[in-house]
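Peer 1: sharing a model prediction with you, sequence too.
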Amino acid sequence: MALRHAILATLEGREASGYDLSKRFALGVANYWTATRQQLYRELERMEAEGLVAARRVEQERRPTKRVYSLTDAGREEILRFSRQAPRAVAIRDELLVQVETIDAGDPRAVLESILDRRAMAEAKVAAYSATGERMRGGMGEEDFLRRGDRVGPYLTLLRGIAFETENLRWCDLAIEVIAAREVPHDLTVDVPAV
């Protein structure tokens, strides 16, 4: 998937400045696609040149003029085309897993610290994604929102992000417990999170 398709999906039905778009990515899209602010701005420029998005200038008091982007008909056609193609298979590429693979010959303390860091990140993401989900539902229960709420696509991707990070938590807890219970340096003390 190209970054442009994530941008097009994010702009569907809602225009945004580059800054707004980067916030939307951080709060929702990041659970399945990451991009730096610079990458977003470069891609927006390319997409505007290709006619997939249109930009308009918005004057602001006490702030610089901003550009606000919206989909064009060509952008909507690209979303339609993209939605009809078969997605590529997903492959895990995770540096932490390579570190864990080397634990027997490497430094168990460093690997354990990396796992604890990943666990903290996953826990924070679950909390942030859950709060975002509550805001998206606007007071509706989840089952009701899934049946008749607006913009169910972003909500479904958010649920996938929550499931992914919840699984990361489960795996981190297992890895922490196993590594802490094995023969590791005696000065290594680990508070194994309650499962």
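Peer 2: Right, received. Where do you want to start?

Peer 1: what is the burial count for Ala35?
Peer 2: 19 (other C-beta atoms under 10 Å). (C-beta placed from N, C-alpha, C; glycine too.)

Peer 1: residues in contact with the closest residue to Leu11 other than its chain neighbours?
Peer 2: Distance criterion C-beta to C-beta, 6 or more residues apart in numbering; nearest residue to Leu11, sequence neighbours excluded, is Leu71 at 5.2 Å. With contacts defined as C-beta atoms under 8 Å, 6 or more residues apart in numbering, the neighbours of Leu71 are Leu8, Leu11, Glu12, Leu52, Val53, Ala54, Ile79.

Peer 1: could you pull out the helices for this protein?
Peer 2: 3-11, 18-27, 37-49, 73-84, 95-101, 108-137, 142-148, 152-181 (DSSP state H).

Peer 1: which stretch in those helices has the least confidence?
Peer 2: Looking over those, mean pLDDT reaches its minimum on helix 18-27, with a mean of 82.

Peer 1: now do that one: distance to the chain's middle.
Peer 2: When distances are taken as C-alpha atoms, centre = their mean, to the nearest Å, helix 18-27 is centred 11 Å away from the chain's centroid.

Peer 1: how about stretch 10-23?
Peer 2: With C-alpha atoms, centre = their mean, you get 15 Å for stretch 10-23.

Peer 1: before we move on, what about stretch 4-18?
Peer 2: 15 Å.

Peer 1: one step back: for Arg63, which of the helices of the chain is the nearest?
Peer 2: helix 18-27 (10.2 Å; C-beta to C-beta).

Peer 1: neighbours around the closest residue to Leu156 other than its chain neighbours, how many?
Peer 2: Take Leu156 and drop its neighbours on the chain: the residue closest to it by C-beta to C-beta, 6+ apart is Leu146, 8.0 Å away. Residues near Leu146, counting by other C-beta under 10 Å, number 14.

Peer 1: tell me the pLDDT at Ala2?
Peer 2: 79.

Peer 1: how is this structure carved up into domains?
Peer 2: 3-84, 95-181 (automatic domain parsing).

Peer 1: ok so, going back, closest to Arg67 out of the helices of the chain?
Peer 2: helix 18-27 (6.8 Å).

Peer 1: list the contacts of that closest one.
Peer 2: For helix 18-27, using C-beta under 8 Å, 6+ apart, the contacting residues are 6-7, 10-11, 16, 33-35, 37, 40-41, 44, 66-67, 69, 128, 132.

Peer 1: re earlier: I'd like the contacts of Leu71 written out as TSV, with distance to Ala110 added.
Peer 2: Listed next are the contacts of Leu71 as TSV, based on distance: C-beta to C-beta, whole Å:
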residue	distance to Ala110
Leu8	41
Leu11	42
Glu12	43
Leu52	44
Val53	44
Ala54	49
Ile79	44
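
Peer 1: just the buried residues out of these, in PyMOL syntax.
Peer 2: Per 16 or more other C-beta atoms under 10 Å, the buried members of those correspond to this PyMOL selection:
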select buried, resi 8+11+52+53+54+79
